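Participant: Have a look at this prediction, sequence included:
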Amino acid sequence: IHSAAIIGKNVKLGENASVGPYSVIGDDASIGAGAVICSNCYVGNRAVIGKDTFIYPNVSIREDTEIGNNVIINCGTVIGSDGHGYLPQGEEYVKIPQVGKVVIEDNVEIGANAAIDRATINKTVIGRGTKIDNLVHIAHNVVIGENSQILAHVTIAGSTKIGKHAIL
């Protein structure tokens with residue numbers, strides 16, 4: 001654990017876990033054995049990161065996100081940001097609270113500068129073994145089946161369900 005890392009209260013760090021300089025780990029987060037969090041990363045409160053997962057620099061993982069084992073997340077990716085949820089109220093739009101979470105299952109790889117939104121209420125799920133290329137946006141409440149491939153610049157609209165072994 002680098003001396004310039006900020007570690008919150010009640011954080012669980014597995015054996016040989018590594019946290020790089022200027023990374024912030026929120027309260028009650030859990031980092032699995034052998035996981036690597038590079039520099040300038042943010043891991044929010046109650047987030048769970050599995051064993052042997054590798055998080056490259058400048059990744060943001062918001063609160064309550066669950067990331068499985070052997071996951072790779074490349075630079076600049078944001079996981080668990082609010083989805084675009086608004087209701088019209090007269091001449092304005094009112095934000096719908098986004099209180100769900102993101103679940104990334106085991107053996108997933110996520111490219112650079114991807115964005116995966118938290119669910120409005122339940123879960124956004126990236127299935128086991130899925131590979132996501134650079135510059136992909138996955139909106140709130142999406143479920144992607146196991147061993148799928150989502151290639152560069154794909155955007156998946158909210159609440160879309162994609163089966164196993166899909167290629168987009």
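Facilitator: Perfect, I can see it now. Residues are numbered from 1 along each chain as shown.

Participant: so what's residue 73 up against?
Facilitator: 53-56, 59, 61, 67, 79, 109-110 (C-beta atoms under 8 Å, 6 or more residues apart in numbering). The way it works is simple: take the backbone N, C-alpha and C, and place the C-beta from them, glycine included.

Participant: Dump the residues you listed to CSV, plus pLDDT and secondary structure.
Facilitator: Shown next, in CSV, are the contacts of residue 73 (pLDDT from 0 to 100; DSSP: H, G, I helix; E, B strand; the rest coil):
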residue, pLDDT, secondary structure
53, 98, coil
54, 98, strand
55, 98, strand
56, 98, coil
59, 99, coil
61, 98, strand
67, 98, strand
79, 98, strand
109, 98, strand
110, 98, strand
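
Participant: Of those, just say which sits nearest to residue 6.
Facilitator: residue 61 (14.5 Å; C-beta to C-beta).

Participant: From residue 79, how far off is that closest one?
Facilitator: 5 Å (C-beta to C-beta, to the nearest Å).

Participant: Please enumerate the shared neighbours of the two.
Facilitator: 67, 73.

Participant: circling back to that earlier point, got the contacts of residue 73 as a markdown table, with distance to residue 124 and neighbour count columns?
Facilitator: Below are those laid out as a markdown table (distance: C-beta to C-beta, whole Å; neighbours: other C-beta atoms under 10 Å):
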| residue | distance to residue 124 | neighbour count |
| --- | --- | --- |
| 53 | 18 | 23 |
| 54 | 21 | 17 |
| 55 | 18 | 30 |
| 56 | 21 | 20 |
| 59 | 16 | 23 |
| 61 | 13 | 28 |
| 67 | 12 | 27 |
| 79 | 9 | 27 |
| 109 | 17 | 16 |
| 110 | 13 | 28 |
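
Participant: These: which two are farthest apart?
Facilitator: 61 and 109 (15.1 Å).

Participant: Dump stretch 135-153 to PDB, keeping only the CA atoms.
Facilitator: Extracted C-alpha coordinates of stretch 135-153, given in PDB (Å, rounded to 0.1, in the frame of the first residue of the first chain):
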ATOM      1  CA  LEU A 135     -14.800   3.700 -25.700                       C
ATOM      2  CA  VAL A 136     -17.900   1.600 -25.000                       C
ATOM      3  CA  HIS A 137     -20.900   3.000 -23.100                       C
ATOM      4  CA  ILE A 138     -23.200   0.600 -21.200                       C
ATOM      5  CA  ALA A 139     -26.300   2.300 -19.800                       C
ATOM      6  CA  HIS A 140     -28.300   1.600 -16.600                       C
ATOM      7  CA  ASN A 141     -29.900  -1.700 -16.000                       C
ATOM      8  CA  VAL A 142     -28.300  -3.500 -19.000                       C
ATOM      9  CA  VAL A 143     -27.600  -7.200 -18.700                       C
ATOM     10  CA  ILE A 144     -24.900  -8.700 -20.900                       C
ATOM     11  CA  GLY A 145     -24.600 -12.500 -21.000                       C
ATOM     12  CA  GLU A 146     -21.500 -14.500 -20.500                       C
ATOM     13  CA  ASN A 147     -18.600 -14.600 -23.000                       C
ATOM     14  CA  SER A 148     -19.800 -11.700 -25.100                       C
ATOM     15  CA  GLN A 149     -17.700  -9.200 -27.000                       C
ATOM     16  CA  ILE A 150     -18.600  -5.500 -27.100                       C
ATOM     17  CA  LEU A 151     -16.400  -3.700 -29.600                       C
ATOM     18  CA  ALA A 152     -15.200  -0.100 -29.800                       C
ATOM     19  CA  HIS A 153     -17.700   2.700 -29.800                       C
END
